[in-house]
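Peer 1: My questions concern the predicted model and sequence given below.
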Protein chains: 2
Amino acid sequence: MGLQGLHGQVVDGIGCSLAGGEIRAGEVLRLEDVQERYGVSRTVAREAVRVLESKRMVTSRPRVGVTVRPESAWNLYDPQVIRWRLASPRREAQLRELAELRAAVEPAAAALAAGHAGPGERQELIAQARALIGAARARDSEAFVTADAAFHRVLLGASGNGMFAQLAEVTEELLVGRRDLLLLPERLDNPAVRRHLDVAEAIAAGRGAEAAQAVGSIVAAARNEVERILDGTACPLPT
Amino acid sequence: MGLQGLHGQVVDGIGCSLAGGEIRAGEVLRLEDVQERYGVSRTVAREAVRVLESKRMVTSRPRVGVTVRPESAWNLYDPQVIRWRLASPRREAQLRELAELRAAVEPAAAALAAGHAGPGERQELIAQARALIGAARARDSEAFVTADAAFHRVLLGASGNGMFAQLAEVTEELLVGRRDLLLLPERLDNPAVRRHLDVAEAIAAGRGAEAAQAVGSIVAAARNEVERILDGTACPLPT
DNA sequence: AAGGTCATTTGATAGTACTATTCCGCCGTG
DNA sequence: CACGGCGGAATAGTACTATCAAATGACCTT
């Protein structure tokens, strides 16, 4: 995973502590503290700090030490940061943010995909949509998440926008996060599932607006689901 | 900016070369090459590699060296990466992606802001909208961009979603990028400008859907503008 | 073709010298 | 007496070098 090498472990350890709120913004760590806390050499400690600095989680200044920056400054799109936040007590807030982000982006990605997708991608979308429906019918939660993730990955990739495509990884974490929250095999077969095929067909036909609308209903439902589970305050779906 | 310390300069140099396509995916750099290319010690070279690794632009493996990863793997939301890509020959593609991202996110942010914004934020939005209109009337390109950036920063921040808020920085780069592309003082006073006040008032009144729609028209126009300038292929605005 | 050996390159540590910044005391001035 | 600027000293990061360990790809042997 992200912990290649000694420094990676240190980064992961500190990153976790930061995301978990164990170390709060404004607090300062000395390089020496990091060394003995993790039992590593100065070099490794510095590399770890450099990486965290690159993620904008800390700043390093002479005579002061390593200062923790406020969460709002962090690179919140860094996959590692997302994972830390998902593993933190504030997991719910992160899930909600991801759901909102996804709800905003995927419709736009679908609209673009209708214009940019290649023949293979259009076919792949339909194939994954059918696999999704099949998995839902079979109450196969495993295959369901796999097909769901694959579908949205292809969709985002077909948008031709690299930044959208990169959200596929995030989306997958969201999907498994949702699955973990409520593993309801009986809930698998809902209207949103069949909507996936509508999306695939709309994109295959190049009908961007239609695809966007269909995706919009899917992600809005997903977001609503997350919201409902998290804090009970579900927003009504726009008809 | 991001070049604090020696290693920062090396990171910036390599990052630039990578984004500029001077070093392509799959190519390998040896740590020793980095050392003599930038005249730095092994320690600094390693720190630079660690940072680039954190940005997912390279991987470092023993016996092989530092391998450049394909652009699709990079942390495209890292502000530094965005800046490198904006400074590269492929600047246009990056601008387009940013415009598309913004078009997708800001309406959603506006809808959320209608629910989450505090009293101060609602007032601030109206104030910035008025400042924007004033700057447009006065043909003051400088004040225009400032107010525009401030408006969207407050808007994104008021969404209550940290990931949305973080796009403010990106949006500002997009705004100045657009300004640089076409500094047209006479174009300042267009319908989209007055829409900002509609947005502010809708959010102030808590009418999320209305705010989202108004923002949608603004960002769609902006995106269309960018597209038109970049490659002449403008998409028709959805009525 | 399969397997082992070796060279190469990164990974990690220790030690050292440098540098920047902050803190604090000193002095002068108002 | 209080306030403010000035400068030294302590402190913590910055950077370099040297050295050993570990991993792995390539080559050679069988």
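Peer 2: That came through fine.

Peer 1: OK, contacts around the residue minimising distance to the centre of chain A?
Peer 2: Nearest to the mean C-alpha position of chain A, by CA atoms, centre = their mean, lies A:Val170 at 2.1 Å. By CB atoms under 8 Å, 6 or more residues apart in numbering or on different chains, the contact set of A:Val170 is A:Tyr77, A:Pro79, A:Ile82, A:Leu98, A:Leu101, A:Arg102. For glycine as for every other residue, the C-beta is placed from the backbone atoms N, C-alpha and C.

Peer 1: again with A:Glu172
Peer 2: So A:Glu172 contacts A:Ala149, A:His152, A:Arg153 (CB under 8 Å, 6+ apart).

Peer 1: Quick check: buried residues in the helix or strand encompassing A:Ala150?
Peer 2: Using DSSP states H and E, A:Ala150 sits within helix A:141-158. Across helix A:141-158, burial judged by 16 or more other CB atoms under 10 Å in any protein chain shown covers A:141, A:143-158.

Peer 1: returning to what we had before: looking at the contacts of A:Val170, which two lie furthest apart in space?
Peer 2: Farthest pair in the contacts of A:Val170 (CB to CB) is A:Pro79 and A:Arg102. Separation: 14.7 Å.

Peer 1: These two: which has the busier surroundings?
Peer 2: Taking neighbours as other CB atoms under 10 Å in any protein chain shown, A:Pro79 and A:Arg102 compare with A:Arg102 leading, 25 against 16.

Peer 1: same for the one helix or strand the more buried one maps to, what does it pack against?
Peer 2: For A:Arg102, the enclosing helix or strand under DSSP H and E is helix A:91-116. The helices and strands touching helix A:91-116, judged by 3 or more CB pairs under 8 Å, 6 or more residues apart in numbering or on different chains; DSSP states H and E, are helix A:79-87, helix A:141-158, helix A:162-181, helix A:191-204, helix A:208-231, helix B:91-116, helix B:162-181.

Peer 1: looking at those, which is buried most?
Peer 2: Of all the helices and strands packed on helix A:91-116, helix B:91-116 has the most neighbours on average by mean count of other CB atoms under 10 Å in any protein chain shown, namely a mean of 23.

Peer 1: tell me the average confidence for that one?
Peer 2: For helix B:91-116, the mean pLDDT works out to 96.

Peer 1: so it versus helix B:208-231, what angle?
Peer 2: If you take axes from the mean of the first three to the mean of the last three CA atoms, to 10 degrees, helix B:91-116 sits at 170 degrees to helix B:208-231.

Peer 1: so how far is helix B:91-116 off the chain centroid?
Peer 2: 10 Å (CA atoms, centre = their mean, to the nearest Å).

Peer 1: Can you give me the buried ones in the helix or strand following that helix?
Peer 2: Counting by DSSP H and E, the next helix or strand C-terminal to helix B:91-116 is helix B:119-137. By neighbour count on 16+ other CB under 10 Å, the buried set for helix B:119-137 is B:Glu121, B:Arg122, B:Glu124, B:Leu125, B:Ile126, B:Gln128, B:Ala129, B:Ala131, B:Leu132, B:Ile133, B:Ala135, B:Ala136.

Peer 1: could I get those residues as TSV with distance to A:Asp198?
Peer 2: Output for these, formatted as TSV (distance: CB to CB, whole Å):
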residue	distance to A:Asp198
B:Glu121	38
B:Arg122	38
B:Glu124	41
B:Leu125	37
B:Ile126	40
B:Gln128	40
B:Ala129	38
B:Ala131	44
B:Leu132	40
B:Ile133	42
B:Ala135	45
B:Ala136	42
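
Peer 1: Sort those by pLDDT and name the bottom one.
Peer 2: B:Ala136 (89).

Peer 1: ok, it - contacts?
Peer 2: Neighbours of B:Ala136 in contact, by CB under 8 Å, 6+ apart: B:Phe144, B:Leu188, B:Asp189, B:Asn190, B:Val193.

Peer 1: Report the two of those separated the most.
Peer 2: B:Phe144 and B:Asn190, at 11.3 Å, using CB to CB across the contacts of B:Ala136.

Peer 1: Now do the residue of chain A most remote from its centre against DNA strand D, distance only.
Peer 2: Here the centre of chain A is the reference, and by CA atoms, centre = their mean the most remote residue is A:Arg63, at 37.6 Å. Taking CB to the nearest atom of the strand, to the nearest Å as the measure, A:Arg63 falls 4 Å from DNA strand D.

Peer 1: any idea how far that residue lies from A:Gly206?
Peer 2: 61 Å (CB to CB, to the nearest Å).

Peer 1: Any regions of chain A where pLDDT drops low?
Peer 2: A:1-2, A:182-187, A:189, A:231-239 (pLDDT under 70).

Peer 1: What parts of it come near chain B?
Peer 2: A:7, A:11, A:43, A:46-47, A:50-51, A:53-56, A:71-72, A:75-80, A:96-98, A:100-101, A:103-105, A:107-109, A:112, A:159, A:161-166, A:209, A:238 (CB under 8 Å from any CB of the partner chain).

Peer 1: repeat that for 6 Å
Peer 2: With the criterion set to CB under 6 Å from any CB of the partner chain, chain A comes near chain B through A:47, A:50-51, A:54, A:75-78, A:97, A:100-101, A:104-105, A:108, A:161-163, A:166.

Peer 1: All good on my end, thank you.
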